[in-house]
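J.: what shape does this take:
(one chain, ligands or ions: 1)
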Amino acid sequence: MSFYQTPPVLENQFTTDRLLRTYLQRTLGDALASVTPELDALGALTAGEMWQRARAERDDEPSLAQWDAWGHRVDHIELSHSWKHAKRIACEFGLVGTAYERKLGALSRVLQFAKVYLFEPSSDTYSCPLAMTDGAAKTLLTHENRALIDRAVSRLTSRRAEDAWTSGQWMTERTGGSDVSKTETVARLVDGEYRLYGTKWFTSATTSEMTLTLARPEGQPEGSRGLSLFYLERARADGSANGITVNRLKDKLGTRKLPTAELLLDGAIAVPVKGIGDGVRNIAPMLNVTRLWNSVCAAAGMRRGIALSRDYARRRLAFGMPLSQKPLHLDTLAGMQAELEAGFMLAFRVAELLGADEAGQNAQPELARLVTPLAKLTTGKQVVAVASEALECFGGAGYVEDCGVSRLLRDAQVLPIWEGTTNVLSLDTLRVLAGGAGHAALLEDTARLMKETKDKELAAVASSGHEAIGRTVAKAGELAGRDPVAVEQAARRVAMTLGRSYALVLLCHHADWCLRTLGDRRSRAAALRFAAHGFDLMSRPEVAVREDEAAMAME
Ligand code: UCC
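T.: Numbering: from 1, shown residues only. I've put the predicted structure just below:
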């Protein structure tokens with residue numbers, strides 16, 4: 001009889017996730033019991049119906065109809081079925097709402113992001129509009145714009161799919177996605193209301209009911225301070241388009257279900273969110289929330305790749321035994337799991353800090369400001385590497401579209417790009433190091449975590465992480481004072497060292513808790529393995545060969 005390989009099976013993604021469960025046991029304590037049924041249900045859905053749908057409907061992509069049969073410009077974007085389905089699930093489980101209901105007080109963000117972590121890999125990137133929706137609600141509340149809060153926030157956080165809105169975040173123009181200060185969109189005051197004119201070059205989830213965007217009111221200076229933050233709705237009160245036309249949908253490597261469009265704004269009516277000027281500073285609350293979503297979604301992508309690879313390793317026989325018994329394959333899976341555990345700790349630490357800040361308990365804004373870009377840039381790189389390994393775990397089958405694994409890699413690749421590339425976030429890290437108390441807060445936090453880590457080996461490894469952070473902060477400060485080119489050149493190594501070292505210290509702390517409380521040694525193994533992968537990238541001498549290197553880079 002011919003051989004046919006059995007495909008991988010996903011079990012309930014909550015009940016089978018040791019990392020998520022031990023983390024929630026430690027952080028939520030007694031409150032975990034009350035939310036377990038909800039997480040259990042979402043874990044079943046994401047492994048079952050949602051995952052099957054995402055695979056079965058992989059060719060069902062959004063489409064744009066610009067004209068109707070009679071020649072009217074309509075710009076109708078038809079969404080994939082899985083997106084319509086995902087909206088209902090997102091509302092039902094309160095993927096955004098959980099954070100604003102605050103039933104778990106300071107830990108509400110942890111619960112919310114546990115849901116996001118379960119939901120994301122089967123959502124066909126519906127997590128993108130949810131991230132921006134969360135960011136928009138947070139931004140409107142931060143700026144205390146009462147009229148806009150009354151208009152939008154209950155819709156953005158609603159658990160009823162019939163009422164719920166999502167939001168866009170329209171920042172990128174042809175002039176650049178990183179250097180937003182060059183934004184060309186103009187805001188013109190016409191009969192007492194602002195109208196926007198310009199082109200938005202990448203608008204994710206273009207079907208959202210509202211958006212936050214940047215434009216330069218006429219007469220305002222160049223640069224990001226002359227920009228203002230605007231709120232606008234996609235349709236006017238009579239249902240007609242709000243001066244928005246869709247030029248085309250982007251043909252992207254991944255996130256194929258996400259309708260990303262180029263838009264023309266031709267008199268779109270918009271409302272300033274927080275007066276005129278300082279648009280970049282005013283949109284920052286949104287950026288920080290979406291960067292956290294990005295980090296958690298990166299961890300979620302790693303987890304899904306590992307869950308599939310692990311199941312497959314038990315089924316796939318080669319050279320006389322299952323892959324799960326092959327030392328080298330186990331070593332590969334262990335390396336992937338170690339990266340996940342560290343990235344997970346980093347991403348969820350940001351969620352803890354945001355939740356604490358929102359609940360007014362033990363708020364550490366300087367630490368949050370520094371570790372948000374660190375988590376995003378660290379996990380964004382990790383997920384691409386881990387997703388690539390996951391494909392390789394399947395051999396040729398992983399490279400074939402209907403296997404369902406290849407999408408993980410294509411979707412992972414956006415995570416180090418949008419919401420700030422690795423280099424832009426590395427420069428943001430330097431900006432934070434130069435400007436505030438972030439590094440002192442980070443060292444204080446790692447010192448505390450280190451002290452609470454009792455296992456000898458874990459404590460020693462945590463201590464190396466703490467020391468690497470201290471050395472790196474000192475080196476960056478010294479370079480900044482002496483040689484601005486050298487510090488910019490080293491920015492990625494600085495940021496990666498801080499991100500990976502902090503992740504290591506957090507993981508050692510968690511592993512120690514697992515060891516002492518549950519007698520479980522697996523996170524300990526993950527911490528030691530992650531340390532062996534390397535966390536201090538600053539050992540390379542900065543200088544001397546700089547000119548040669550610059551020449552070598554370009555030729
Ligand atoms: O990609 C996009 C949407 C995709 C969907 C997202 C879904 C994500 C999750 C889903 C997972 C599946 S929208 C485009 C995203 N674009 C970006 O992220 C922009 C990247 N570029 C930067 O971040 C740059 O660093 C800029 C734009 C911030 C640099 O601009 P400027 O003009 O040079 O900015 P400045 O002068 O450095 O900063 C202006 C002010 C400063 O404050 P003041 O005025 O008090 O000195 C900064 O400290 O803004 C402050 N600021 C911040 N504050 C800048 N960044 C931040 C921040 N992150 N937090 C707080």
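J.: nearest spatial neighbour of the residue in the stretch 1-150 of the chain positioned nearest to the ligand, skipping sequence neighbours?
T.: Closest residue of the stretch 1-150 of the chain to the ligand, CB to the nearest ligand atom: residue 131 (3.7 Å). Heads up, the C-betas are built off the backbone N, CA and C, glycines and all. Excluding its sequence neighbours, the residue lying closest to residue 131 (CB to CB, 6 or more residues apart in numbering) is residue 293, at 3.5 Å.
J.: this protein against the ligand: which residues are in contact?
T.: Residues of the chain lying close to the ligand by CB under 6 Å from any ligand atom are 125, 127-128, 131-132, 169, 171-172, 177-178, 180-181, 204, 224, 278, 280-281, 284, 287-288, 290, 293-294, 297, 418-420, 424, 428, 431.
J.: just the ones in helices from the residues you listed, please.
T.: The members of those that map onto helices under DSSP state H are 127-128, 131-132, 280-281, 284, 287-288, 290, 293-294, 297, 424, 428, 431.
J.: one step back: so the residue nearest to residue 131 sits against residue 130, correct?
T.: Yes. Using CB atoms under 8 Å, residue 293 is in contact with residue 130, at 7.4 Å.
J.: which residues are in contact with both of the two?
T.: Counting by CB atoms under 8 Å, 6 or more residues apart in numbering, the contacts common to residue 293 and residue 130 are residue 116.
J.: which of the ones in helices among the residues of the chain next to the ligand are buried?
T.: 127-128, 131-132, 280, 287-288, 290, 293-294, 297, 424, 428 (16 or more other CB atoms under 10 Å).
J.: now the residues you listed in a markdown table, with pLDDT?
T.: Formatted as a markdown table, these follow (pLDDT from 0 to 100):
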| residue | pLDDT |
| --- | --- |
| 127 | 98 |
| 128 | 98 |
| 131 | 98 |
| 132 | 98 |
| 280 | 96 |
| 287 | 98 |
| 288 | 98 |
| 290 | 98 |
| 293 | 98 |
| 294 | 98 |
| 297 | 98 |
| 424 | 98 |
| 428 | 97 |
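J.: quick one: which helix or strand includes residue 548?
T.: helix 546-554 (DSSP states H and E).
J.: what about residue 423, how many residues nearby?
T.: Counted with other CB atoms under 10 Å, the neighbours of residue 423 add up to 15.
J.: isn't it up against residue 493?
T.: No. If you go by CB under 8 Å, residue 423 and residue 493 don't touch, sitting 11.4 Å apart.
J.: check contacts around the nearest residue to residue 50 once chain neighbours are set aside.
T.: Nearest-residue entry for residue 50: residue 122, 3.7 Å, with adjacent residues in sequence omitted and distances by CB to CB, 6+ apart. Contact analysis of residue 122 by CB under 8 Å, 6+ apart lists 45, 46, 47, 50, 51, 53, 54, 304.
J.: who wins on neighbours among those?
T.: residue 304 (30 neighbours).
J.: wait, it touches residue 408, no?
T.: Yes. With contact defined as CB under 8 Å, residue 304 counts as touching residue 408 (6.1 Å).
J.: what's the overlap in contacts for those two?
T.: The contact sets of residue 304 and residue 408 overlap at residue 121 (CB under 8 Å, 6+ apart).
J.: from the stretch 351-500 of the chain, which residue is nearest to the ligand?
T.: Closest residue of the stretch 351-500 of the chain to the ligand, CB to the nearest ligand atom: residue 418 (3.5 Å).
J.: what's the pLDDT at that residue?
T.: Looking at residue 418, its pLDDT is 97.
J.: OK, contacts around it?
T.: Contacts of residue 418 (CB under 8 Å, 6+ apart): 177, 202, 204, 294.
J.: what residue in the stretch 101-250 of the chain comes nearest to the ligand?
T.: residue 224 (2.8 Å).
J.: just to revisit the earlier point, neighbour-wise, which of the contacts of residue 418 leads?
T.: residue 294 leads the contacts of residue 418 on contacts (other CB under 10 Å) with 27 neighbours.
J.: need the contact list for the spatially most central residue of the chain.
T.: The structure's the chain has its C-alpha centroid closest to residue 294; by CA atoms, centre = their mean the separation is 0.3 Å. By CB under 8 Å, 6+ apart, the contact set of residue 294 is 131, 376, 379, 380, 415, 418, 419.
J.: and the fifth one, helix, strand or coil?
T.: To tie it back to what came earlier, the one meant is residue 415. Following DSSP: H, G, I helix; E, B strand; the rest coil, residue 415 is assigned to coil.
J.: ok, residue 42 to residue 207 distance?
T.: According to CB to CB, to the nearest Å, residue 42 stands 24 Å off from residue 207.
J.: with neighbour numbers in mind, choose between the two.
T.: The neighbour count for residue 42 versus residue 207, taken as other CB under 10 Å, is higher for residue 42 (25 against 17).
J.: list the contacts for residue 104?
T.: Counted by CB under 8 Å, 6+ apart, residue 104 has contacts 28, 31, 35, 110, 111.
J.: if you skip the residues just before and after it, what's nearest to the second one?
T.: In this case it means residue 31. Nearest residue to residue 31, sequence neighbours excluded (CB to CB, 6+ apart): residue 104, at 5.7 Å.
J.: can you pull out the strands in the stretch 201-350 of the chain?
T.: 210-217, 228-233, 244-249, 261-272, 317-318, 321-322 (DSSP state E, counting those that start in this stretch).
J.: got those strands as a markdown table, with mean neighbour count, mean pLDDT and distance to residue 16 columns?
T.: Shown next, in a markdown table, are the strands of the stretch 201-350 of the chain (neighbours: other CB atoms under 10 Å; pLDDT from 0 to 100; distance: least, CB to CB, whole Å):
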| stretch | mean neighbour count | mean pLDDT | distance to residue 16 |
| --- | --- | --- | --- |
| strand 210-217 | 26 | 98 | 38 |
| strand 228-233 | 24 | 98 | 42 |
| strand 244-249 | 17 | 97 | 37 |
| strand 261-272 | 20 | 98 | 38 |
| strand 317-318 | 11 | 95 | 22 |
| strand 321-322 | 12 | 96 | 18 |
